[in-house]
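Undergrad: Below is the sequence, then the predicted model.
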Amino acid sequence: MSMETQDIIKRSATNVITPPPQARDYKAEVAKLIDVSSCVGCKACQVACSEWNDIRDNVGHCVGVYDNPADLSAKSWTVMRFTETEQNGKLEWLIRKDGCMHCEDPAVLKPVHLPGLSSSTRTGLLIFNLNTVSAVVTVSPGVRLIFRASTKRTTAFINVRSASIASAWARNRPASKLVRPGLFTSAPKKEMLELGEQRVEKLKARGFEHAGIYNPQGVGGTHVMYVLHHANQPELYHGCRKIRRSILRSICGKGR
């Protein structure tokens, strides 16, 4: 116990049962809001991710869609997803930035127990110690966790559905400076939820009655949130899912 804490105990009769005030230690949760309704699929965020993290994937192959590369990998932490769907008799092209969602309560920490592995409740980042975590682990189909450890670069990707995690959280990501204004916004999560609700109301005024924020509570919420036209059907956006505790129990073999 530090001397400062001891001083508080002496002055205020605080004990270990009643901890000292934590106000000065408080750090607001941060989050990134992505307005999918404004995305035009320019892939500037995908390029910015590659440049910022100094990663270069190999030249891929055309698989019949605009997704390129076809999936996330150790050298592709962001992939733009393009999905065609018919809604109310009209063709809609739904575009989504695929990457780590920075889950508040990541499912991957449940079935996998490795020393040096934890997550940040403030940012949702997966944190691991390079000296203790150096393995390739495959768990159930719903959750894939891969670690790559080396002296020059350490990468981890994690999500309920095979996405990637970057090694740092920046308040003003390079992508936000390249894409359409207002498409990416990073700030305290409370502010992002308020901003998201404002944009949802505008979408509803345009006729998207099921517009909403994708912030699944099945994982305690996420630190990367989407504003969706069809929040009642997130699976339309290339694999976004309605994540519930029941799903996590089936994936991980246990609940919390």
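TA: Structure's in. What do you need? Numbers count the residues shown, from 1 in each chain.

Undergrad: First-to-last residue distance for stretch 47-65?
TA: Terminal residues of stretch 47-65 are spaced 18 Å apart (Cα to Cα, to the nearest Å).

Undergrad: Buried by neighbour count: which residues of that stretch qualify?
TA: 48-50, 52-53, 55 (16 or more other Cβ atoms under 10 Å). C-beta coordinates here come from the backbone N, C-alpha and C atoms, glycine included.

Undergrad: Return, as residue ranges, the portions of the stretch 1-150 of the chain with sub-threshold pLDDT.
TA: 1-27, 107-150 (pLDDT under 70).

Undergrad: ok, 90 please
TA: Along the stretch 1-150 of the chain, the model assigns pLDDT under 90 to residues 1-32, 37-42, 44-79, 87-90, 98-150.

Undergrad: residue ranges of the strands in it, please?
TA: 30-35, 79-87, 90-98, 117-119, 126-128, 136-138, 144-149 (DSSP state E, counting those that start in this stretch).

Undergrad: The second one packs against which elements?
TA: Read that as strand 79-87. helix 44-53, strand 90-98 (3 or more Cβ pairs under 8 Å, 6 or more residues apart in numbering; DSSP states H and E).

Undergrad: hmm, try it at 6 Å
TA: Under the contact criterion of 3 or more Cβ pairs under 6 Å, 6 or more residues apart in numbering; DSSP states H and E, strand 79-87 touches strand 90-98.

Undergrad: Touching the strand it packs on from outside, list them.
TA: 34, 36, 39, 41, 45, 79, 81-85, 236-238 (Cβ atoms under 6 Å, 6 or more residues apart in numbering).

Undergrad: in that strand, what's buried?
TA: For strand 90-98, the buried set under the neighbour-count rule, 16+ other Cβ under 10 Å, comprises 94-98.

Undergrad: Pull the number of nearby residues for Lys202.
TA: 13 (other Cβ atoms under 10 Å).

Undergrad: State the helix or strand in which it lies.
TA: Assigned by DSSP states H and E, Lys202 belongs to helix 189-205.

Undergrad: Give me the buried stretch members for that helix, please.
TA: Applying 16+ other Cβ under 10 Å to helix 189-205 flags 189, 192, 195-196, 199-200, 203 as buried.

Undergrad: ditto for stretch 226-237
TA: For stretch 226-237, using 16+ other Cβ under 10 Å, the buried residues are 226-231, 234, 236-237.

Undergrad: and the residues you listed as CSV, adding secondary structure?
TA: CSV is the format used below for the buried residues of stretch 226-237 (DSSP: H, G, I helix; E, B strand; the rest coil):
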residue, secondary structure
Tyr226, strand
Val227, strand
Leu228, strand
His229, coil
His230, coil
Ala231, coil
Pro234, helix
Leu236, helix
Tyr237, coil
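
Undergrad: Present the residues you listed as a markdown table; the columns should include distance to Val63 and pLDDT.
TA: A markdown table is the format used below for the buried residues of stretch 226-237 (distance: Cβ to Cβ, whole Å; pLDDT from 0 to 100):
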| residue | distance to Val63 | pLDDT |
| --- | --- | --- |
| Tyr226 | 24 | 94 |
| Val227 | 28 | 95 |
| Leu228 | 25 | 94 |
| His229 | 26 | 92 |
| His230 | 25 | 94 |
| Ala231 | 28 | 93 |
| Pro234 | 23 | 92 |
| Leu236 | 20 | 92 |
| Tyr237 | 19 | 92 |
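
Undergrad: Pro69: what's its closest spatial neighbour, skipping adjacent residues?
TA: In this structure, Pro69 finds its nearest non-sequential neighbour in Gly60, 4.3 Å apart by Cβ to Cβ, 6 or more residues apart in numbering.
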